[in-house]
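In: Let me see the structure of the following:
(chains A and B)
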Protein chains: 2
Amino acid sequence: MNRQALVGEIRRKQSFLCVGLDTDPGKLPAHLKGKKDGVLEFNRCIIDATKAYCVAYKINTAFYEAMGSKGWEIMEATLDHIPDEHFAIADAKRGDIGNTSHQYARAFFKTLSFDAITVAPYMGADSVMPFLEYENKWTIVLGLTSNPGAHDFELQRAGEELLYEKVLRTVSGWGNPGNLMFVIGATRGEEFENVRKLIPEHFLLVPGVGAQGGSLQEIASRAMNSDAGLLVNASRAILFADSGENFAKAAETVAQQYQSEMAAFLLH
Amino acid sequence: MNRQALVGEIRRKQSFLCVGLDTDPGKLPAHLKGKKDGVLEFNRCIIDATKAYCVAYKINTAFYEAMGSKGWEIMEATLDHIPDEHFAIADAKRGDIGNTSHQYARAFFKTLSFDAITVAPYMGADSVMPFLEYENKWTIVLGLTSNPGAHDFELQRAGEELLYEKVLRTVSGWGNPGNLMFVIGATRGEEFENVRKLIPEHFLLVPGVGAQGGSLQEIASRAMNSDAGLLVNASRAILFADSGENFAKAAETVAQQYQSEMAAFLLH
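Out: Take a look at the predicted model:
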């Protein structure tokens, strides 16, 4: 999916919501827990219930790999169920030497048909570039993450700047706002303006709203650009909005609430 | 596998060789290329031919994921074929927020029974700690890698030191030499002494000898400690030593040459 199509979907749906499919088999509703294909059935119901209110889905590969090759099959079948007009992200945090990153790019862009993959920047240019070679595919590089560990390296000094600033400044030169996004954590509202000085045009994938509670106002007011420029993810707040048989309806209600909040910001 | 057992195997076999199973289906010998289970048959032959000369195998997950869920099955079957006395490494470069890293640890230590996994440090402590919670399992954190991209961040200033030095110094406090190793690239012989000042006791996983040619002398003389403290990997130099039907015999010969070189260093 190219940028024009993504921005078009955001305008049409008045939403920049990404639904994160971090499906923990241990948290399924009782009637699906332990059932063969319970995770897949759950994912399909969540997708059907939320697709009118979101523009993207994000599959967290860890939750599927924890189930072994069967989990990888569930991931493939889940991806197949995501409608074409939705932006499909493999939240995989991959990255290795060039030769190996080429194989990861092949895995997620060719063998599977994700639109985007998250990539870790530590190993530098040749670990990121192979993902950028695919037309109409996106590389989403870790910038500033929302976890406590961000203080260990990302927020440490790196010469005249902080490490995450160096990463944004350096990596943005390897691609363009049409094939490169950055992960920017939502718990650091005060950093969004700083991020926008460094990368005004790029889309930001913002994890971490929802379970932690609404900083959507802060994100939208500080980080939105003329193309919206944001994909805001919610996972557990939507997936596990209700722990019983009513989970899909509850997920729909929460997704609709997010969409409605987002629509108000898109009008500005 | 605990440290005592690993060091015992190194002494018994007089080898600190790790064979990297970066099996590219496009590079299989003609009689296996395109054949159903060709990759698995190739891996089994390589393992059978080299197991007397190495102490570890390293499965590069990217090459298997490029084949989709079928590839994940081949990875599982390959791991099953690695003898118990060999140290089995998932070269997966994973790492995410704590909740997700727990799932990756489960995937590679519980669902699959690898002894170790490679992990990227960018996201900090809570992205690494979940892997360290498993008894007799190892976390191998990226320190200084051998690719050109190492110059982009790893070798840049980070306060009073270089970023990779900060990573070694910081991460070594999260575990101990019995559950934590570091990836240190072999193309930078001059850095090994510096690394040993920071982490004298930890094992180092050294990729990148072989195809690039022998710096084994330099690595052993600068980075060996009293427990050997090294796992030196060779992938393509062994896997593709011969491109025809004779590949396993050729792999055995190359592995034996490495072992014999290594034995000489272990005698010192």
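In: The closest residue to residue A:144 other than its chain neighbours: which element?
Out: Leaving aside its sequence neighbours, residue A:144 sits nearest to residue A:164 (CB to CB, 6 or more residues apart in numbering or on different chains; 4.3 Å). Quick note: C-beta positions are derived from backbone N, CA and C, even for glycine. Element membership for residue A:164 (DSSP states H and E) is helix A:163-171.
In: Which residues does that helix contact?
Out: A:121, A:128, A:141-144, A:150, A:153-159, A:161, A:180, A:182, A:194-195, A:198-199, B:152-153, B:156, B:158, B:163 (CB atoms under 8 Å, 6 or more residues apart in numbering or on different chains).
In: do the same with stretch A:142-151
Out: With CB under 8 Å, 6+ apart as the test, stretch A:142-151 has contacts from A:93, A:118-121, A:154-155, A:164, A:167-168, A:182-188, A:191, A:195, A:204, A:207-208, B:97-98, B:122-128.
In: Quick check: the residue of the stretch 151-268 of chain A nearest chain B.
Out: residue A:152 (3.3 Å; CB to the nearest CB).
In: OK, contacts around that residue?
Out: The neighbours of residue A:152, taking CB under 8 Å, 6+ apart as the test, are B:121, B:124, B:125, B:170.
In: Filter the residues you listed down to the ones in helices?
Out: Of those, the ones assigned to helices by DSSP state H are B:125, B:170.
In: Of the contacts of residue A:152, just say which sits nearest to chain A.
Out: Looking across the contacts of residue A:152 and measuring by CB to the nearest CB, the closest to chain A is residue B:124, at 2.3 Å.
In: With adjacent residues omitted, what lies nearest to that closest one?
Out: Nearest non-adjacent residue to residue B:124 (CB to CB, 6+ apart): residue A:149, at 2.3 Å.
In: Which pLDDT does the model give that neighbour?
Out: With respect to pLDDT, residue A:149 scores 96.
In: what's the distance between it and residue B:95?
Out: Using CB to CB, to the nearest Å, residue A:149 is found at 9 Å from residue B:95.
In: Need the overlap of contacts for those two.
Out: Common contact partners of residue A:149 and residue B:95 (CB under 8 Å, 6+ apart): B:123, B:127, B:128.
In: So the second one is in contact with residue B:101, correct?
Out: Yes. Between residue B:127 and residue B:101 a contact is recorded at 5.2 Å, counting by CB atoms under 8 Å.
In: tell me, what's touching these two both at once?
Out: Applying CB under 8 Å, 6+ apart, one finds that residue B:127 and residue B:101 are jointly contacted by B:95, B:119.
In: about what we covered before: burial count for the residue nearest to residue A:144?
Out: When neighbours are counted by other CB atoms under 10 Å in any protein chain shown, residue A:164 registers 29.
In: and what of residue A:12?
Out: Neighbours of residue A:12 using other CB under 10 Å come to 10.
In: name the element it belongs to?
Out: Counting by DSSP H and E, residue A:12 is part of helix A:3-13.
In: Contacts only, for residue A:23.
Out: So residue A:23 contacts A:39, A:42, A:43, A:63, A:239 (CB under 8 Å, 6+ apart).
In: Can you flag which of those belong to helices?
Out: Among the contacts of residue A:23, the members that lie in helices (by DSSP H) are A:39, A:42, A:43, A:63, A:239.
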